[in-house]
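Peer 1: Build the 3D model from these lines:
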Amino acid sequence: MTRRKVLHVVFGLAVLAASAALGPVWAEDHSYVGSKKCKMCHLKEWKSWSETTMAKAFEVLEPGVRADEKQAAGLDPQTDYTTDETCLACHTTGFGSPGGFVDLATTPDLVGVGCEMCHGPGGTYLDDQYMSLKNKEYKKADLVAVGMVSEISEKQCAGCHNTESPFVGDDHVFDFEANKQSGTHEKFAMKYAH
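Peer 2: Next comes the predicted model:
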């Protein structure tokens with residue numbers, strides 16, 4: 001092996017060692033993985049969520065769905081809103097963000113308001129040293145430090161449930177306290193301490 005190749009190998013090993021010592025370097029733009037990834041370990045929560053209006057939020061954009069509500073909000077109930085960018089931001093997961101919803105053909109696992117809309121993009125904390133099948137006793141504080149949102153806030157919900165929504169107005173004002181439990185999923189005790 002030439003001296004140059006040896007230097008390349010040594011340099012490569014030094015970079016790998018430094019990366020391992022520092023832990024994963026998260027991209028500035030965290031990636032979305034989809035709720036099916038969450039389902040693998042959080043089946044009860046996923047089943048509970050899958051029955052909510054959040055999980056089915058994309059379906060509302062289809063023609064004829066909730067026609068009376070659309071008409072009352074001043075929308076054409078027969079219009080297909082599934083490609084309308086003003087709607088997709090609140091009816092899909094991560095629309096407009098790197099790794100987020102693009103379209104139904106490309107990113108079907110990101111339709112609806114999925115886990116990551118409340119808990120943050122999973123690509124930031126679904127790593128073997130954080131939350132994974134290899135590390136079942138992960139620490140919640142470590143996940144929060146790399147991007148997981150553990151407590152849902154009114155500000156998060158107000159990103160969509162605000163007066164810019166055609167469904168929020170004088171006759172329907174979003175009540176965070178009333179909806180924070182019923183609009184998400186059941187909470188279950190974790191098997192391991194976190």
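Peer 1: drop to CA atoms for contacts and neighbour counts, all remaining ones
Peer 2: OK.
Peer 1: Let me see the ranges of the helices in the protein.
Peer 2: Under the criterion DSSP state H, the chain carries helices at the ranges 3-22, 35-39, 43-50, 67-72, 85-91, 115-119, 140-145, 154-158, 176-179.
Peer 1: So what's the residue count around the closest residue to F95 other than its chain neighbours?
Peer 2: Of all residues beyond its chain neighbours, the one nearest F95 is F101 (4.5 Å), with distances taken as Cα to Cα, 6 or more residues apart in numbering. F101 has 24 neighbours, counted by other Cα atoms under 10 Å.
Peer 1: Check S165 too.
Peer 2: 14.
Peer 1: can you tell me which residues contact it?
Peer 2: S165 makes no contacts at all, as judged by Cα atoms under 8 Å, 6 or more residues apart in numbering.
Peer 1: repeat for G120
Peer 2: So, once contact is read as Cα under 8 Å, 6+ apart, G120 ends up touching G147, M148, V149.
Peer 1: Next: L75.
Peer 2: P166.
Peer 1: Next, work out how far apart H161 and K134 are.
Peer 2: 37 Å (Cα to Cα, to the nearest Å).
Peer 1: The two: which is more packed in?
Peer 2: Using other Cα under 10 Å as the criterion, H161 and K134 rank with H161 on top: 19 against 11.
Peer 1: centroid residue for this protein?
Peer 2: Of all residues in the chain, the one closest to the mean position by Cα atoms, centre = their mean is E116, 1.6 Å from it.
Peer 1: wait, what's in contact with that one?
Peer 2: So E116 contacts Y32, G34, S35, T93, G94, G122 (Cα under 8 Å, 6+ apart).
Peer 1: Surely F167 and A73 touch.
Peer 2: Yes. Judged on Cα atoms under 8 Å, F167 makes contact with A73 at a distance of 5.8 Å.
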